[in-house]
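S.K.: compute the structure for the input listed below.
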Amino acid sequence: MNQETLERIHSSIRDVHDFPKPGIVFKDITPILADGELFRLTIDCFIDAIGEEKPTKIVGIDARGFIFGAALADRLGVGFVPVRKKGKLPWETNGASYSLEYGEAHVEIHKDAVHAGEKVVLIDDLLATGGTAEAALKLIKGLGGEIICIVFLIELLFLEGRKSLDADIRTETLLQY
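M.R.: A predicted model of the protein is given here:
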């Protein structure tokens, strides 16, 4: 990945203090999405991060993972699969729960979204605690998908989310804070 491009992406992300609640510094990626060239360059960086092995499906996590995942799938000429919050998918689903700081959350995938042996890249905008990605990996594996790698735009190192993920699956992040 081109360091100059990564620095440009990094400099476009703005910190929003006390959002969505006091004490949180939210990493706002909307400036990347609003700049066509920068968005294209970000997708280029994701392609570089994936490497030589070609996926048959891109799985994106609700909601910003949909934005990057759909663009990546289009660029690679492969299918896109959403992993959504409970109750948002219209057909038969498999689900997985994961822990939050104060409670539990649940994500789902369509039962026919990934077929046994398909090569999958999982994508999201942010690796924080890793719970959502861990649940999504469980769903993909449960359908028989073979995970090539997981890619994130941002990793918040101080939350140690990587520790929640399967150490045997390559995890790539474009930016780390």
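
S.K.: strands of this structure, residue ranges please.
M.R.: Ranges of strands in the chain, per DSSP state E, are 14-17, 25-28, 57-61, 79-85, 93-100, 103-110, 119-127, 146-155, 170-176.

S.K.: who does the nearest residue to Asp15 once chain neighbours are set aside bridge with?
M.R.: Spatial nearest neighbour of Asp15, excluding adjacent residues (C-beta to C-beta, 6 or more residues apart in numbering): Val25 at 5.1 Å. (Each C-beta comes from the backbone N, C-alpha and C, glycine too.) In this entry, Val25 is beta-bridged to His17, by DSSP bridges.

S.K.: contact partners for Val25?
M.R.: 15-17 (C-beta atoms under 8 Å, 6 or more residues apart in numbering).

S.K.: and the pLDDT for Glu101?
M.R.: pLDDT, Glu101: 64.

S.K.: neighbours of Gly103, how many?
M.R.: Gly103 has 6 neighbours, counted by other C-beta atoms under 10 Å.

S.K.: the longest helix anywhere in the chain - contacts with which helices or strands?
M.R.: Secondary structure assigned by DSSP state H gives helix 36-50 as the longest helix of the chain. Counting by 3 or more C-beta pairs under 8 Å, 6 or more residues apart in numbering; DSSP states H and E, the packing neighbours recorded for helix 36-50 are helix 3-12, helix 30-34, helix 64-76, strand 146-155, strand 170-176.

S.K.: and the angle for it with helix 64-76?
M.R.: 80 degrees (axes from the mean of the first three to the mean of the last three C-alpha atoms, to 10 degrees).
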